[in-house]
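*Asks:* pasted the sequence and its predicted model underneath.
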Amino acid sequence: MSGPRVFPDIDAFAAAVGEPLGTGPWHEITQEQVNLFADATGDHQWIHVDLARAAEGPFGAPIAHGYLTLSLIPRFIGEVYRIESLSMGVNYGLNKVRFPQPVTVGSRIRGHAELVSVTPGPQGTQAVVRWTIEIENAEKPACVAETVGLLVP
């Protein structure tokens, strides 16, 4: 990967509707990340944090929380694209989120983005980006989500 795709402004970004924005680098999911996320959210279910029990469980290893996987999208944004003339970008919401396959600890994931739509509004421009979070050497993605961001020039 050569770095994020750079757009000088929202208009240039809007011209990319329907296009792939790019794919970021691989990141290993560690047990430390999973444990910290469990502490932050209070979700200490055994499939995430009990290494011995999880090894005997349905996935053969501890798995990352689905919401941990989803929460990495802001990191992936910075790796995949950048709009230079923004004063800020804010999360506005999600249209649809699915977790087709669990991410076992030690797996590597990366984000792939496609710009679905750009709609100007009174508070800024809403951009819908479809994220596919891939798992290295897996047939199904870990997560497919449509994020809605508010872009403020």
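*Replies:* Perfect, I can see it now. Numbering: from 1, shown residues only.

*Asks:* distance of the residue nearest to the spatial centre of the chain from Leu86?
*Replies:* Nearest to the geometric centre of the chain sits Ile73, at 2.7 Å (CA atoms, centre = their mean). According to CB to CB, to the nearest Å, Ile73 and Leu86 sit 17 Å apart. In short, each C-beta sits where N, CA and C put it, glycine included.

*Asks:* same question, Ala138
*Replies:* From Ala138 over to Leu86 (counting by CB to CB), the distance is 34 Å.

*Asks:* ok, now which ones touch Val6?
*Replies:* Neighbouring residues of Val6 by CB atoms under 8 Å, 6 or more residues apart in numbering: 81-82, 84.

*Asks:* who are the packing partners of the longest helix seen in the chain?
*Replies:* Scanning the chain for the longest helix, with DSSP state H as the assignment, gives helix 31-41. Counting contacts by 3 or more CB pairs under 8 Å, 6 or more residues apart in numbering; DSSP states H and E, the secondary-structure elements packed against helix 31-41 are helix 46-49, helix 66-71.

*Asks:* run through the helices of this structure in chain order.
*Replies:* Along the chain, counting by DSSP H, helices occupy 10-14, 31-41, 46-49, 51-56, 66-71, 73-80.

*Asks:* and Gly24, which of those is closest to it?
*Replies:* helix 73-80 (3.5 Å; CB to CB).

*Asks:* only the buried residues of that closest one, if you could.
*Replies:* 73, 76-77, 79-80 (16 or more other CB atoms under 10 Å).

*Asks:* Phe99: which of these is nearest?
*Replies:* Of those, the one sitting nearest to Phe99 (CB to CB) turns out to be Ile73, at 13.1 Å.

*Asks:* thinking again about what came up before, okay if I get the helices of the chain as CSV plus mean pLDDT and distance to Glu134?
*Replies:* What follows is the helices of the chain, written out as CSV (pLDDT from 0 to 100; distance: least, CB to CB, whole Å):
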stretch, mean pLDDT, distance to Glu134
helix 10-14, 97, 23
helix 31-41, 98, 17
helix 46-49, 98, 21
helix 51-56, 98, 22
helix 66-71, 98, 11
helix 73-80, 97, 11
